[in-house]
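J.: sequence first, then the predicted structure:
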There are 4 protein chains.
Amino acid sequence: MEMPKRIGVLTSGGDCPGLNAVLRGVVRAAANRNWKVFGFIDGFEGLLPPGDFIPLTTARTAGIMQLGGTIIGTTNRGHFVAKVGEGTKAVIPQEIIEQARETLRRLQIDAVIAIGGDGSLTTAQQMWEAGIPMIGVPKTIDNDLEATSMTFGFDSAVACVADALDRLHTTASSHKRAMVIEVMGRHAGWIALYGGLAGGADIILIPEIPFDHEKVAEAVRKRDANSCLSTLVVVAEGAIERDGHLHARTVTSGEVKLGGVGEIVAHEISQRTGKETRTCVLGHLQRGGAPTTLDRILGTRFGVKAVELIAEGKFGEMVSYQNYQVLSVPIADAVHRIKVVQPDSQMVKTCRDVGISFGD
Amino acid sequence: MEMPKRIGVLTSGGDCPGLNAVLRGVVRAAANRNWKVFGFIDGFEGLLPPGDFIPLTTARTAGIMQLGGTIIGTTNRGHFVAKVGEGTKAVIPQEIIEQARETLRRLQIDAVIAIGGDGSLTTAQQMWEAGIPMIGVPKTIDNDLEATSMTFGFDSAVACVADALDRLHTTASSHKRAMVIEVMGRHAGWIALYGGLAGGADIILIPEIPFDHEKVAEAVRKRDANSCLSTLVVVAEGAIERDGHLHARTVTSGEVKLGGVGEIVAHEISQRTGKETRTCVLGHLQRGGAPTTLDRILGTRFGVKAVELIAEGKFGEMVSYQNYQVLSVPIADAVHRIKVVQPDSQMVKTCRDVGISFGD
Amino acid sequence: MEMPKRIGVLTSGGDCPGLNAVLRGVVRAAANRNWKVFGFIDGFEGLLPPGDFIPLTTARTAGIMQLGGTIIGTTNRGHFVAKVGEGTKAVIPQEIIEQARETLRRLQIDAVIAIGGDGSLTTAQQMWEAGIPMIGVPKTIDNDLEATSMTFGFDSAVACVADALDRLHTTASSHKRAMVIEVMGRHAGWIALYGGLAGGADIILIPEIPFDHEKVAEAVRKRDANSCLSTLVVVAEGAIERDGHLHARTVTSGEVKLGGVGEIVAHEISQRTGKETRTCVLGHLQRGGAPTTLDRILGTRFGVKAVELIAEGKFGEMVSYQNYQVLSVPIADAVHRIKVVQPDSQMVKTCRDVGISFGD
Amino acid sequence: MEMPKRIGVLTSGGDCPGLNAVLRGVVRAAANRNWKVFGFIDGFEGLLPPGDFIPLTTARTAGIMQLGGTIIGTTNRGHFVAKVGEGTKAVIPQEIIEQARETLRRLQIDAVIAIGGDGSLTTAQQMWEAGIPMIGVPKTIDNDLEATSMTFGFDSAVACVADALDRLHTTASSHKRAMVIEVMGRHAGWIALYGGLAGGADIILIPEIPFDHEKVAEAVRKRDANSCLSTLVVVAEGAIERDGHLHARTVTSGEVKLGGVGEIVAHEISQRTGKETRTCVLGHLQRGGAPTTLDRILGTRFGVKAVELIAEGKFGEMVSYQNYQVLSVPIADAVHRIKVVQPDSQMVKTCRDVGISFGD
């Protein structure tokens, strides 16, 4: 008979609705096997000696599925950040890995589940290559990972965007304004696309379809001509102009961002159409908040599957949603492969069919 | 060059969040082609001479995507109800079909989009066989249609159930009670399964997994023994006891239902465990309410696709969601083929892994 | 210099959104004075030797304001229930009071804050008369206490009713039905009145205005005649017929309620108008759920004031909201004085002015 | 017997949740008297010849109470804007008033209900002094009008702020950040105060209590020292530094605002504590969105009362909420009298008691 295991779990990188659902899923599936779970604090940092962790029990994780955030903390910074370069494989120092191994050895941890984005999974892969039994759970609120057809947090972010659009819609139409709302999506426009369609946006600007300020202004003018006197514009933070000048004009100062693509787009609309225009940057509102039911379910399924992968000894694998089943793929095959919106996809075509302009 | 078309659309059968999103999608995709749209009132009934309809324009459908219900009404009753028997193909009288044909001819309608459930699609198929150009859009809040992997309304119903469980959870745990919540699902347990998992239910009873009152009571007692002093039970309205006596004990009187499976389960738990137990029947709360973002998007995509099918002359087809694309299948192949929960599926297994009992 | 105090707090009686806000307010105001707080478990029962309690710290109560329920449990039953009779003053046995006193003495508790309804405040008053330093915080989700113009939980319950009406409205109007929704309010119709007005109800039935089934049916028929084909009826659970027969016809069995006033009203409407009618009993959904911002604020203010009353030595007093200030009144003056809806009040008149019928 | 009247209604100035509830209240109370209602489009502008209006019927206003915005539009600009100076009484040109009078005469309008803020009420008062029968309904989302103890829209804005804080709380605590959220309140801090208390803010900065950046930084450091590693700061847009330099440092450009007090506060916290800090400007999200139940009720009551004032011939009066009743006061007595937060009020004291810093 197999011995009950002792497993670790950590959440790394940016906040994402559904993290607590994964943790609860891990703990309950582990409890079902009489395993013990240790939650390492603030991502990989918790692995550094002497080890910063809390025991995660069924009681400790009761009622957390409904909450945003992560009860074991996370960080984007620290000793385990592996930079992703082009053509070069970034690594974390061997010394750090040995320290983590020592902590795990001392605590008699049999395996570690790392819940994180591309960078964190790269770290997990390097640790697995160094012989530490690792399981990955992909986390990207942007839903831009090729290896899984869906990630938790995305549906919640989309709901946040749609809710904001619902709110802005009433005030835009009462005042006949254009309202520009800037949403997440540095490399891929999924949140802007789904949130914009669900929230009844009129114009959606995403990184995958470079836009032209004049075309945007034209769409606004055309709506005015049709007596649709208000216009809602959703802009992904990574949206780019066709001529590529945009990012050079963005001004930032230290930690405080002073002007993003949303404000630039609003400024240009105002200048070109004379229309009163307002901007709203959703920012961290999209990361916080309670997960939708879909994200609660997906997070739970990911957590349960991660425990199953440990039971099967499939280390170096990452859970993945494919065709309505949670399966697994090698972490090595998954990292650095971004899924972007295809400009000729059915979703984009549907948006165009309902009258949405992409400013192209 | 093709002439702009005049198309009809109707919503038939039970209410379902997302219906207005479909209508808006139809109208906008039609406007994109310079087509005119007529919304027939109260489902197929609106087709009866002289024809009861309103013109549906972009302006008329502005802002409706976010609203529950259907702006053109619906009915479960009337002249077009085809009963679904086993082994016998139910039909609506030829005379009724001729009346509808006459209305459409007089209004010069080129095609009709029927949004409805199994019964309504059967009617649509019969009309198509009689030569009326029909397109189907499947509608089942229960998500129990084999021909499409997802239907709009389901996600909203699941969200309603999860929200109710969130509410009952706090009061159940404050008072150490068992709470039984009865949800939709006459033939299939999808809403109970997804809503129960997302809402943190402890016990889920569905038609596909007959339950035993004693097993249910045991699960409650086991939780009490583990100091989990409150228990949430989700029961699909079609849940059945292993010995099959249940429905005989349900009492109804005319339009007013006096006692369903939820009350019976609550009664048995109370009797067998001595625990204070309460029931809540969600009923029509699940059908009303604003659609979730997912349902807004799916509804919109269905509406757009239906118009595309007309443009392509693919009559007798029904839109269908498969592998993240909206495609089409013959209505004839779709009706009467119910998709039920597989007791050995990954979803059920995941539920068991997180400690949910199915009372079996 | 005054010594830091040690104070107890308990939540008694039915669940109510805002209880956790009170607890957090108590703990933070106490922490501000370097006092220690003990949360007694399951209401007064926690006072029985050896004392069932948890220390309540700022950390332990972080993030609870937003949650429904009470983290220290509550009960409607047990040794401390004082029955409220007419003309007779019900008491709890002296022996029980002595046991509570002994627990408090042993734990060196300086004062106890009792958060509860009419019955619980009666108990608190009796304990105060026996020399135990007690402070009361009124709790009635029904908002029916004369001594305070507002109580926490009420606004949340009203929001729950209005949300349900929003949902039922769409399905009622899609189907041209009458929908009857039964809400809390055994002695007073505040929840039905405010929830009904906010949710756009057409008919509101409350205990203070006895109704006539025929008048209700007339109102439904009149709406039909005006092409308002759906009707929403809100019924307080304590609503009574003008001839007084109603309660005799309600059937209950043990813990499971088999038919309330909502079903009776629905049945009568259906019989008298021939209209398809549905019932929905909101039940415990009204007690659970997150408190609204107003209830969070009011709960916090009540908690802070209760601590201030202890600091001032004003025992036997109860916090009370009057004219936008939280003040205090003697518990003895507050209990058993119910505030009911005045049939000739401005609120009722406003309801009539917007076309709402009270079935009278 | 009195002749049925024909009345006008208009919504003027910034958007505010509850406007549609007022309109519906007006229409229904008027219908109750067999009066006709004309909704003038885009505020006072609709009064200019030939008159821009739509008839408002019960059917036309069905289901609008739940919606944000105003179905008859509004504007902050135009011919009727009376500037509010100090010591000088701003006026709109007599010619404009004559044009409005002419429109009303031609349409045989007996009285006009103007729903608007301080500026709009000033206009209404001037029209009344010129002999046009006017009734005022105060509208200020900031709740800063002396003449009424509550205005609709405020509770909805507070709910929006608290919801945002709930979201930011999870991400702030997951990442140990300080988050600064800028909310409405140019002259008064009511939204920041109530929203901040309800959302569990740690620091609240309002115009009435000038703050000191160093005191704010100190409060952040003190929390860190107590292991409360995240801090939520709510800043009213009109908050001012004790030394008064703030507004000079705010940068704006045309219609697009490039940096407000929120960003400045975040920048200073970051500089002074070294803590990672983020800003979120809620902006128009606070104005849009569905009204809370309280705002639905208050809006309805205001609308009904306005019609009653017309019936009683009390022109030049404005509805006002006082001590739980809707009464009326002369418009002339109400305008330009702002209600601000008293630094020594119970609400502020309660905030301090639960550990909230005002940076003073």
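T.: Yep, that arrived.
J.: and A:Ala239, helix, strand or coil?
T.: In terms of secondary structure, A:Ala239 is coil; the call rests on DSSP: H, G, I helix; E, B strand; the rest coil.
J.: and it, its phi and psi?
T.: The main-chain torsion angles of A:Ala239 are listed as degrees, to the nearest 10 and equal phi -60, psi 140.
J.: so where's chain A uncertain?
T.: Along chain A, the parts satisfying pLDDT under 70 run over A:1, A:82-90, A:244-259.
J.: can you point me to the longest helix in it?
T.: Scanning chain A for the helix with the most residues, using DSSP state H, yields helix A:154-175.
J.: quick check: the closest residue to A:Val112 other than its chain neighbours vs A:Val329, distance?
T.: Among residues not flanking A:Val112 along the chain, A:Gly8 sits closest, at 4.2 Å (CB to CB, 6 or more residues apart in numbering or on different chains). Any C-beta I mention is one placed from the backbone N, CA and C, and that applies to glycine too. Applying CB to CB, to the nearest Å, one obtains 22 Å for the distance of A:Gly8 from A:Val329.
J.: skipping adjacent residues, who's closest to the closest residue to chain D within the stretch 251-360 of chain A in space?
T.: Closest approach between the stretch 251-360 of chain A and chain D, counting by CB to the nearest CB: A:Gly288, at 3.2 Å. The shortest distance from A:Gly288 to any non-neighbouring residue, by CB to CB, 6+ apart, is to D:Arg167 (3.2 Å).
J.: and the one you found, what does it touch?
T.: Neighbouring residues of D:Arg167 by CB atoms under 8 Å, 6 or more residues apart in numbering or on different chains: A:Gly68, A:Cys160, A:His284, A:Leu285, A:Arg287, A:Gly288, A:Gly289.
J.: what does A:Ala198 give?
T.: Neighbouring residues of A:Ala198 by CB under 8 Å, 6+ apart: A:Val158, A:Ala159, A:Val161, A:Ala162, A:Leu165, B:Met65, B:Thr293, B:Leu294, B:Arg296, B:Ile297.
J.: quick check: closest non-adjacent residue to the residue positioned nearest the centre of chain A.
T.: With distances taken as CA atoms, centre = their mean, the residue of chain A nearest its centroid is A:Ile141 (1.7 Å). If you skip the residues right next to it in sequence, A:Ile141 has A:Gly153 as its closest partner in space, 4.1 Å away by CB to CB, 6+ apart.
J.: I figured the one you found was touching A:Lys139, is that so?
T.: Yes. Because the distance of 6.8 Å satisfies CB atoms under 8 Å, A:Gly153 is recorded as touching A:Lys139.
J.: list residues touching both of the two?
T.: Each of A:Cys16, A:Leu19 lies in contact with both A:Gly153 and A:Lys139 under the rule CB under 8 Å, 6+ apart.
J.: ok, back up a step: between the contacts of A:Ala198, which is closest to C:Val91?
T.: Minimum separation from C:Val91 among these (CB to CB) is found for A:Ala159, which lies at 53.6 Å.
J.: the closest one and B:Thr292 touch, don't they?
T.: Yes. When contacts are counted by CB under 8 Å, A:Ala159 is listed as touching B:Thr292 (7.0 Å).
J.: what touches both of those two?
T.: Counting by CB under 8 Å, 6+ apart, the common neighbours of A:Ala159 and B:Thr292 are A:Thr292.
J.: which residues in the stretch 201-350 of chain A form helices?
T.: Taking DSSP state H, counting those that start in this stretch as the criterion, the stretch 201-350 of chain A contains helices spanning A:213-225, A:246-249, A:261-273, A:293-311, A:331-334, A:346-353.
J.: separation between the residue of the stretch 1-150 of chain A found nearest chain B and A:Tyr324?
T.: Among all residues of the stretch 1-150 of chain A, A:Arg28 sits closest to chain B, at 4.0 Å; criterion: CB to the nearest CB. The span separating A:Arg28 from A:Tyr324 equals 22 Å under the rule CB to CB.
J.: thinking again about what came up before, the residue nearest to A:Val112 in helix, strand or coil?
T.: Remark: A:Gly8 carries the secondary structure label strand [criterion: three-state DSSP].
J.: now it: how far from A:Val307?
T.: According to CB to CB, A:Gly8 stands 12 Å off from A:Val307.
J.: intersection of neighbour lists for these two?
T.: The overlap between the contact sets of A:Gly8 and A:Val307 (CB under 8 Å, 6+ apart) consists of A:Ile113.
J.: hmm, back to that, quick one, what contacts the residue nearest to the centre of chain A?
T.: With contacts defined as CB under 8 Å, 6+ apart, A:Ile141 is in contact with A:Gly14, A:Cys16, A:Pro17, A:Thr151, A:Gly153, A:Phe154, A:Ser156, A:Ala157, A:Met184, A:Ile191, A:Gln286, A:Arg287.
J.: and the last one, its phi and psi?
T.: Think A:Arg287. The phi and psi values for A:Arg287, taken as degrees, to the nearest 10, are phi -90, psi -30.
J.: right, and it touches D:Ser173 too?
T.: No. With contact defined as CB under 8 Å, A:Arg287 does not reach D:Ser173; the gap is 12.0 Å.
J.: buried residues in stretch A:59-78, which are they?
T.: Under the neighbour-count criterion of 16 or more other CB atoms under 10 Å in any protein chain shown, stretch A:59-78 has A:61, A:63-75 buried.
J.: A:Ser12 is in contact with A:Gly43, correct?
T.: Yes. Contact status for A:Gly43 versus A:Ser12: in contact at 3.6 Å, counting by CB under 8 Å.
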